[in-house]
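Colleague: here you go, sequence then predicted model.
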Amino acid sequence: MMRLRQLKLDVFGHFSGHQYDFGNRSECDFHILYGPNEAGKTTTMEGYLRLLYGFPLRERYAFQHQRKNLQVSGLLEIDGEVRQITRLPSSNGALVDAHGNPLPEATFSGHLGGMSERDYRALLCLDDHTIEQGGEEIASSKGDIGHLLFSAAAGVADLSQVLDAARSKADELYKKRSSKTQMAALKKELGDLKKEIDALDVPAAAYKKLKQDRDTATASEQEARTARQVIAARLAQATAQAEALPMLAQLDRLTTDFAPIAHYPNDLPVEPEALLERMSAHDRASATAERLGQEITALEARLEELKRSPEDLSLADVLEALDMKRTRFRGAEADLERRQTSLSHVLQDMKGLAADLAASTLPLEQLVLSDGQLGQLEAALDQLSKAQALTTERKAALSEQALRLTEAQAALDAVPLFNPQQSAVQNIIERAEVETLGPTYARATEAIRQAEFAANTAMDALTHLGQSFDTLPALPITSTDAEHLAERHADLMRQHDELEATREGLETDRRQRLQEAEALRKSSGLMGDEAAQSLLNARNSAWDAHRAALSGESADGFWSTQQTLDQASAKRLQQARDLARLREAEAAADALAIRLEAAQRTDEKCQGKLREVGVQIAGHCDHAGLTAPMGPRAFAGWIAKLEAAHSASHHLRRVREQHADILTKAKMIAADLGAAMKIAENDFETVITKARAVATEATRIKAAHEKAAQAAMIAKQTHQQAKLRLSDAEEAAHGSQERWNALIAEIAGGALSAETLMHSLKPLRDLRVHDSKRKDLSRQIDAMTADKSAFLDAMQKLAQQYDLPETSPLEIFAGLQQRLAQAEKTEENFAAMTQTLAHAREGLDTAQKTLVRLNEETQREARLFNLQEPPNDLASLRQAALACQQAIALRRAITDLEAGILKRLGCADIAAARRDLASATLPELEAQAGTLQQDLNAAEERWQAALSARTLAQNALSCVSADGDVAALTARRAVIELEIEDCARRYLKLHIGHKLAEEALRRYRDTHRSGMLQATETAFAALTDGAYSQLRTQVDGGTEVLLAIDASGRAKRTEDMSKGTRFQLYLALRAAAYEQLAAQGTCLPFFCDDIFETFDEARTRAACRLMQRIGKTGQAIYLTHHRHVLDIAQQACGDAVRIHYIQGAPDTA
């Protein structure tokens, strides 16, 4: 894997010195370089390519610095190793490390997966040009990149060039209807030679002699050829028999294995692996049927218990129609009495107002004046009131100023004198800088409090199973050592578990081996070594007895035991293979027993080490004062808490020592202030608070004396001014009184008292307002009475209709609502349970149909095997399918072997082949073949000599002419014929090889294409938000092109898509190729230069997620100047994307 950690454009274009730091690899290595136009984004990508592949001779970035001065460097992670590499434009030593030492080009090329710079641009460095150009090649399967990706990155990309070169070479040799190939030129030259030879004359005598020589040489050559062919035929027969003999033995073995399962059909009725999914479906359907049956029973019981009242549902319309009347009734019930009371109060208030006006004997309507009359009275009264109020106000102001003058003088006399004690306290506060010391003291006490709290908390955390500690326990072991103990214990436990599993596996294997040996003994009737030794001992005993007796009876006994031993030996020889398997099984069982014993010993050692660790932990617990036992992991955690408690205790001591000077100074200041104020309190904060209060009081007394003196002077001046203003107000009030009396006499005609109205016109205004209220209340009372009666009648009728007690109308309405709600809820429950029951029954029927279908399919397919006892379930059906599969494979192998034997021996049937090979042995056939090969070599030499003689005679005959021209032309013709033959052979070799390679490559691509297409299809569907859900290929002439299927099922080529959608397809192809390359071990940085420009927001978001996915596999770097791409990436990927700002781009939105 190769990853770019840092990239620096040391000397490169306009942006020399620019450096980018991509940091260490994280879970998602997705970066965005954001900056304005011409900020160096494209230059950055080009600089990275120069670092990998070097500077071209015509360097387009050498416009500011000469090519010889260009330099690009980077810090790269190559297979986990961090290396600083610099690229120089020199021809030798172009790569150097951080110390200037030259590096080989293999530093990069060995990790690029064979990709050229053009391939890297087309695959992993995308801009508007490369994504379009490379994408068209990919979609049309053109070029190396197209073949590479279209064949699922299968590593056959360069074969297109090889095949094209082979095709070109073949076309140079021969091409139909072409006059410029090598074959056409040779044919033309051969035709010209024939014409020249035919034109030449040959002498008769010379021609006759040469013809006789040619005939003699031809007969000799034919005789030698025939002899060679006879020997070659015999050699071929011997070789074929030598090849067929092992094949016949293998045929016999396969026939023996095939015999028990020969009754299975030739065609496999069902694939065994297909039955696995059917078995799963059967299990799911059974479980579903059982579950739904229980649900249906429960739902039916609940439906039977449900009590419905459909007749109560008609109340909905009735109650809805009465709801407005109920609202009015409720309002009348609540407001009628109140409004009647209000009307009574209004009339009472109007009478009271009339009494206030001293006109209680007059009708109330006569006392209600018009708005115009009230306006005149209000204006006159307002003028009078203002004049009188001004007079009163100025009298009050004069009295107030007199009072203020008295109070100001008294306040000046009441200010206390300055206290010497207060002065002393102020001096101490200023000298000790208490205002600065106070916050310092507060921070010190707070730090000590926090340290004490942390120490107490750490101590409390040591509590274990009810045991707490008053004093801090000693630390018996460090947390690191405790963690090591816990890890050692965990490792030993894992080792113990692994050993247990190993022992169980060895024991199982040993039992299997013993069972295998026992089965071999029982099935094959094998005689063990002990039984054979027993027969041998019996034969020897019989021989010894015969030698001693030398009688006919002893001879018969010896002969009987010898025959028994011979028969057993013959049988053991015939069963040598089974006997070898038996001994192998017994030896394997013994070896497994030895390994089992070794595993047992290792496990015992492991358990001993576990006990040692437990003893160590128990000792440490005792040393720390723990009474309850503790496991290794818990002990390590407790030790870590104990270390934290010791650390907190040490921190508390350090904090107390650190703030000791502050506390001492505060104590001394508190003592001085306490002495000055003559108090016994010694708490610093309490004393400081009281001292501040004393100082504040002293400051306040001084300011109060100055303020009181100034107030007394101002009060005296204000009192004189108030006297003058009072005299002017009294004159204005007298004139207003005279005008008021005249207006009352004019409006009221003497019925109202001017003196009475002068105090206020409010009674007259209130009378008018109350009269309006009286009218409104009377109208409302009449309407409420009618509404109340109507609702009461309706409720009484409904109560009688539904047999409800005749309570209040609102209670009757509420009862009907409750009855309706209960009926509606019951109906809802009934409908919901009915629907659920229908769904459950439907699901049960589906599950049962599935079970029936699966059972019918099982029975139908079981009958296809034509077995005496057909399989009755899926498991036995799968076993039968596996056996049938094996029978088909053996039958095919037997057929292939028979065909191979018959082909080699040329026999009509296998019986004839067995007869041909009945007396043959492989050593004899090999010896015969060696002898025949020597004979064939000798015959070949004789035939070659005869062929040379015939050729010379033929050439001599052909070359006869008057001056030797015919011979030269004939020799040239022979050469051209040989050249034509050689040309034809080379053409056929290239042509047939090209066809075979194309076919093999096509099959290879078909085999590997599915993974690439599936990955591309998934990425493209995500990028287009499901607008295109499928991809497929289509043959177009000699190549294949890619088609995309949209949501409506229409197939589109790339040229039929919009530019944005086409770019998304090309990006999906690159993403799929990136995954394929990474899976093959080629994982490189992936660059994109603003290829999202034609994407909408939704597809840009999907593309950002695709880059994030690439970043999880390798490293993805996107270059852009679009702010919205940055915002969408941050929204879609969150912290998974890292933003790099260049050229002063803002780092916030």
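Modeller: Alright, I've got the coordinates.

Colleague: now stretch 889-908 - C-alpha only, CSV.
Modeller: Below are the C-alpha coordinates for stretch 889-908, written out as CSV (Å, rounded to 0.1, in the frame of the first residue of the first chain):
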residue,chain,number,x,y,z
ALA,A,889,-18.9,-38.2,-12.0
LEU,A,890,-17.7,-41.9,-11.9
ARG,A,891,-19.8,-42.8,-15.0
ARG,A,892,-18.3,-39.9,-16.9
ALA,A,893,-14.8,-40.8,-15.7
ILE,A,894,-15.4,-44.5,-16.8
THR,A,895,-16.7,-43.4,-20.1
ASP,A,896,-13.7,-41.1,-20.7
LEU,A,897,-11.2,-43.9,-19.7
GLU,A,898,-12.9,-46.4,-22.0
ALA,A,899,-12.9,-43.8,-24.9
GLY,A,900,-9.2,-43.1,-24.2
ILE,A,901,-8.4,-46.8,-24.2
LEU,A,902,-10.4,-47.6,-27.3
LYS,A,903,-8.9,-44.5,-29.1
ARG,A,904,-5.3,-45.6,-28.3
LEU,A,905,-5.9,-49.3,-29.2
GLY,A,906,-8.3,-48.8,-32.0
CYS,A,907,-10.7,-51.5,-30.7
ALA,A,908,-14.4,-51.6,-31.2
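
Colleague: and it, average pLDDT?
Modeller: Average pLDDT, stretch 889-908: 85.

Colleague: likewise stretch 924-940?
Modeller: 81.

Colleague: oh, and call the first residue 36 from now on, that's how I've got it
Modeller: Okay, using 36 as the starting number, the last item reads as stretch 959-975.

Colleague: which of the residues in it are buried?
Modeller: By neighbour count on 16 or more other Cβ atoms under 10 Å, the buried set for stretch 959-975 is 960, 963-964, 967, 970-971, 974. From N, CA and C alone the C-beta is placed, and that goes for glycine too.

Colleague: equivalent analysis for stretch 819-832, please.
Modeller: Buried, per 16+ other Cβ under 10 Å, within stretch 819-832: 819, 822-823, 826-827, 829-830.

Colleague: those in helices, which ones?
Modeller: Secondary structure defined by DSSP state H assigns 819, 822-823, 826-827, 829-830 of these to helices.

Colleague: reformat those residues as JSON lines; add pLDDT.
Modeller: Below are those laid out as JSON lines (pLDDT from 0 to 100):
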{"residue": "819", "pLDDT": "78"}
{"residue": "822", "pLDDT": "72"}
{"residue": "823", "pLDDT": "73"}
{"residue": "826", "pLDDT": "74"}
{"residue": "827", "pLDDT": "74"}
{"residue": "829", "pLDDT": "74"}
{"residue": "830", "pLDDT": "75"}
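
Colleague: just put the residues you listed in a markdown table and tack on distance to residue 517.
Modeller: Below are these laid out as a markdown table (distance: Cβ to Cβ, whole Å):
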| residue | distance to residue 517 |
| --- | --- |
| 819 | 86 |
| 822 | 86 |
| 823 | 86 |
| 826 | 83 |
| 827 | 86 |
| 829 | 85 |
| 830 | 82 |
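
Colleague: longest single helix anywhere in this protein?
Modeller: Per DSSP H, the chain has its longest helix at helix 719-783.

Colleague: does anything pack onto that helix? Which helices or strands?
Modeller: Helix 719-783 makes packing contacts with helix 406-449, helix 455-467, helix 469-495, helix 695-712, helix 789-794 when contacts are defined by 3 or more Cβ pairs under 8 Å, 6 or more residues apart in numbering; DSSP states H and E.

Colleague: for those, which one sits closest to residue 718?
Modeller: Of all those, it is helix 695-712 that lies closest to residue 718, at 6.9 Å by Cβ to Cβ.

Colleague: show me what counts as buried in the closest one.
Modeller: So helix 695-712, judged by 16+ other Cβ under 10 Å, has buried residues 697, 701, 704-705, 707-709, 711-712.
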